[in-house]
Structures are given as structure tokens and as C-alpha cells.
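**Student:** here's my sequence, what's the structure:
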Amino acid sequence: MKLPSRPQDKIIVALDVPDTDGAMRLLDALGSPTLCKIGLELFTAQGPSVVKAVQSRGCSVFLDLKFHDIPNTVGHAVRSAADLGVAMTTLHASGGPVMLEAAAKAAAASGNNDLLLLAVTVLTSMDAAQLSATGISVEPKEQVLRLAGLASAAGIGGIVCSPLEVTAIRDSLGNDLRIVTPGVRPTWATAGDQKRVMTPAEAVKAGSDWLVIGRPITAAESPKEAYAKVVAELS
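**Tutor:** Down below sits the predicted model:
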């Protein structure tokens, strides 16, 4: 997938709504952004049809289902996502090298040459205490760097991490790895359940390629105005 050139192309609008009608209303309000995220809530409710509906509005789709299963199952899931024509899809880096390699091979064999696989490192809702509760007794940044290296070595083209880890990843792994960052909050928005956050401009300056932004835009009184404010900030 090509790197974004215009400020609005860097924004992935999270369609965190319960149904296709809600997604279409949001797209209409925003004027059909370049790239939209379809996550677990919307895809579970509506299935592949919502992907096609969003694509019919001229939007590329980031299918964020965070695959995490045995290698064979994840490989088939990636192939199915590729067949939907999505631009991006996610899997958990913590699934391990064999699972990651199976996903990379499935994507390469799919025929969807534009598909970008993204390995999720540490969720932006997690901090050191949350990691420790799962048995991982290191700081989030250390775990993110470990998992990013694992994904890169397995042939995964990009990762998902909080903006706070982006500079360290660039220093360690260079600029070839694509980076998508949730946990992005404009100065005028609340953090919500995100624990490791930056503003859009700060995240791009740190080295993020794409920014996932949901509630600051979608829950605003005027989503169109909020979207325009973020674009202006990135400009």
C-alpha cells in the first residue's frame, strides 16, 4: 500500500458504529474519507457486506479484526480478508513467529498485492500494570519493540503501536516498516480509555504513517467539522 501524501490520507476514521446504516450516515457526514476502519463491533454485526458498502463509497478499508489463532487458521483468515479487497488487516504479533510467517505467506499468495498486514504490538489501552497482570513484567515500550522486531523478521509489512513508541521503532527498525497508530487525541478531545496518547501532529512528527481516530471525530457534535480540524492540524 502506498504511503499517504495528503494530510487527509493519513487519517483512518474508525467506523465504530453498530450497523451499516450508521456507517453510511457517518461517511455521508464526512464526505467519504480516504480510509476507514471496520472493527470487531461492526464486522461482527454486518459481516463482509459492510466492507463492500464502505468500498462502494470510494473508501479504502482497514479491516481491524486482530487475528490470533493457530497458524493455519490465521493464514486462511488473511486470505479471506485479501479476497475482500481490503487495504489493511491486523493480527496480533504475540501469536508468535510461525503464525506471523503463515500470515505473510498467505498475503503474498493472495493476489491482493496492495494488502498491508499490520501486527498489533501492545494495545493502547494497556499500561505497565495491565501488562504485568498478563505475566509480562517489562515496560510497554520494551514489549512493543520486541514484538515489532518479531513481526518485521517474519515478513509483516507494518505494525500497530501507540505514538509513544514510534520514535524508538524508527530508531531500531528504520523507515521501511509501516506504522499505524491509534491512541491519537487532538488537544480538544478527551483521552477516553486510551492510556498512551499523543496529538495527531505529534504522532506524525514522531514517524507515524497513518493515524486511527475514532471518537474525537465520530462522537463530535459535528463529525465533519471535527474531521476538518484534524486535517487542518496535520496541514
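**Student:** for the residue nearest the centre of the chain, what are phi and psi?
**Tutor:** The residue at the geometric middle of the chain, judged as the C-alpha nearest the mean C-alpha position with C-alpha atoms, centre = their mean, is Val180 (5.2 Å). Listed backbone geometry of Val180 is phi -110, psi 130, with angles given as degrees, to the nearest 10.
**Student:** and it, what does it touch?
**Tutor:** Residues near Val180 by C-beta atoms under 8 Å, 6 or more residues apart in numbering: 12, 62, 88, 118, 158-160, 208-212. Just so you know, the C-beta spots here come from the backbone N, C-alpha and C atoms, and that holds for glycine as well.
**Student:** point out where the protein drops to low pLDDT.
**Tutor:** Across the chain, the ranges flagged by pLDDT under 70 are 188-197.
**Student:** now the helices for it?
**Tutor:** Read by DSSP state H, the chain holds these helices, from start to end of the chain: 20-30, 40-46, 48-55, 71-83, 97-109, 128-133, 140-153, 166-173, 200-206, 215-218, 223-234.
**Student:** other residues contacting the second one?
**Tutor:** For helix 40-46, the surrounding residues in contact (C-beta under 8 Å, 6+ apart) are 15-20, 23, 50-51, 63-66.
**Student:** about what we covered before: just list whatever residues bridge to the residue nearest to the centre of the chain.
**Tutor:** According to DSSP bridges, the residues that bridge with Val180 are Val160, Trp210.
**Student:** please begin residue numbering at 830 from this point
**Tutor:** All right, first residue 830 from here; so that's Val1009.
**Student:** got a markdown table for the contacts of Val1009, with distance to Ala997 too?
**Tutor:** Compiled in a markdown table, these are given as follows (distance: C-beta to C-beta, whole Å):
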| residue | distance to Ala997 |
| --- | --- |
| Ile841 | 22 |
| Phe891 | 24 |
| Met917 | 22 |
| Leu947 | 18 |
| Gly987 | 16 |
| Ile988 | 12 |
| Val989 | 15 |
| Ser1037 | 13 |
| Asp1038 | 16 |
| Trp1039 | 18 |
| Leu1040 | 18 |
| Val1041 | 19 |
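**Student:** closest to Leu979 out of those residues?
**Tutor:** Leu979 lies nearest to Ile988 out of those, by C-beta to C-beta, at 9.7 Å.
**Student:** from Tyr1056, how far off is that closest one?
**Tutor:** From Ile988 over to Tyr1056 the distance is 25 Å, taken as C-beta to C-beta, to the nearest Å.
**Student:** give the other helices and strands that the longest strand seen in the chain contacts.
**Tutor:** Determined from DSSP state E, the single longest strand within the chain is strand 889-896. Helices and strands in packing contact with strand 889-896 are listed as strand 864-867, helix 869-875, helix 877-884, helix 900-912, strand 917-921; criterion 3 or more C-beta pairs under 8 Å, 6 or more residues apart in numbering; DSSP states H and E.
**Student:** rewinding a little: between Ile988 and Tyr1056, who's got more neighbours?
**Tutor:** Neighbours per residue (other C-beta atoms under 10 Å) separate Ile988 from Tyr1056, with Ile988 holding more: 28 against 23.
**Student:** doesn't His897 make contact with Val903?
**Tutor:** Yes. Here Val903 reaches His897: they are 7.4 Å apart, a contact under C-beta atoms under 8 Å.
**Student:** with that, I have no additional questions.
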